[in-house]
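prediction below, plus the sequence it came from.
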Amino acid sequence: MYLPVFIGILCGILVFLVYASAAIRSGVYLKAVCRLKTDEKVVALTFDDGPDSITTPKILDILSGYGIPALFFCTGHKMEGQEHLLQRMVDEGHGLGNHTYAHSALFPLLPLAKMKKDMQKCEERIQHFTHCRPFFRPPFGVTNPTVAKAAAQLGYRTMGWNVRSFDTVKKNYRDVAKRINKKLQPGNIILLHDTTPAMPELLTDIINYARQQGYRFVRADKYGGGTT
C-alpha cells in the first residue's frame, strides 16, 4: 500500500535534484544572472566554448559590422595560441568570461580544491587581456553545492541564460534561428557557441530579426539596467 507512495516521492525527489543541477535558471544551488532586468527592448548575446580559430573571427567580423558587443565565455585550454583573437575581442569592446580551463563533463564531480584550481587557471589567462573580474559560467550550466561553494570562495558572479539555442544539436541553422526569434523579449540573455560552424549565418539572422522588431544588443555584464 505504501510502496507506490514511497516510489512516487522518491521519483519526485530525483526529478527535482536533476532539475536543480541541470537548469542553471533554477537557482537552487547557485544564484546566477539569467536575464537582464528591464522592459527595454534590449537583448544580450553570449558565446560559449571558444575561441575557435575558424568561426570566432567570422563572428567578430559580423559583430563589428553591426556595432554589437557580446560576452565570450572562454575555455582556458582553447585560449592558448589564440592570443590575437582574445586581444581583438577586448579591443573591439567584447567581454571575456570564465568557462573553466578544461570544460570537462566531470567538472561538477571534482573535489572543491581541484574545481577552484581549474577555474583559477582559466582566469589567469583572461587576466592577460583584461583586469576586470570575469563572470563565471559552469560547463553545460550544471550546478551543485560544490560548484556554488567554489564560485563563492573565489568571489565570482555567475551568469546563465534564459534562451538556450541548442545550436550545437540542431543541424539546420534556420530552425535554431526560428527558436530564438520566437522567444524574443526584453532582457533575453541568449546562449550561443562560437564553435558552431553555421554560427555566422545564424548570428546574422538573429541580429536582423531582432533589429526589425526594434531591439538593440547590449553586453550582458555591462548593462546598466540591472540583471536578475
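The structure has been received and is ready for your questions.

Ala198: neighbouring residues, count only.
By other C-beta atoms under 10 Å, 17 other residues sit near Ala198. (Each C-beta comes from the backbone N, C-alpha and C, glycine too.)

same question but for Ala152, I mixed them up
12.

quick check, it in a helix?
Yes - counting by DSSP: H, G, I helix; E, B strand; the rest coil, Ala152 is part of a helix.

ok, now which ones touch the nearest residue to Met199 once chain neighbours are set aside?
Among residues not flanking Met199 along the chain, Thr55 sits closest, at 5.5 Å (C-beta to C-beta, 6 or more residues apart in numbering). Thr55 sits next to Asp194, Thr195, Thr196, Pro197, Met199, Pro200 when contact means C-beta atoms under 8 Å, 6 or more residues apart in numbering.

quick one: Thr55 and Lys78, what's the gap?
Distance of Thr55 to Lys78, computed by C-beta to C-beta, to the nearest Å: 12 Å.

same question for Ala70.
Ala70 is 17 Å from Lys78, by C-beta to C-beta.

neighbour count winner among these two?
Shown here are Ala70 and Lys78; by other C-beta under 10 Å, Ala70 has more neighbours (25 against 22).

that one and Arg219 touch, don't they?
Yes - contact criterion C-beta atoms under 8 Å: Ala70 and Arg219 qualify, at 6.7 Å.

now the common contact residues for the two.
The contact lists of Ala70 and Arg219 share Ala44, His94, Gly95, where a contact means C-beta under 8 Å, 6+ apart.

all strands for the protein, in order.
Using DSSP state E, the strands of the chain run over residues 32-33, 42-48, 71-74, 95-98, 158-159, 163-164, 189-193, 216-218.

so for the last one, mean pLDDT?
Read that as strand 216-218. Mean per-residue pLDDT for strand 216-218: 98.

for that strand, what is the distance to the chain centroid?
When C-alpha coordinates are averaged (C-alpha atoms, centre = their mean, to the nearest Å), strand 216-218 and its chain have centres 16 Å apart.

show me what counts as buried in it.
Phe217, Val218 (16 or more other C-beta atoms under 10 Å).

same question, the third one
Buried positions in strand 71-74, judged by neighbour count with 16+ other C-beta under 10 Å: Leu71, Phe72, Phe73, Cys74.

helices and strands of the chain: which one bottoms out on pLDDT?
helix 3-22 (a mean of 52; mean pLDDT, DSSP states H and E).

could the shared contacts of Ala70 and Arg219 go into TSV alongside distance to Ala22 and neighbour count?
Listed next are the shared contacts of Ala70 and Arg219 as TSV, based on distance: C-beta to C-beta, whole Å; neighbours: other C-beta atoms under 10 Å:
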residue	distance to Ala22	neighbour count
Ala44	22	26
His94	28	22
Gly95	25	21
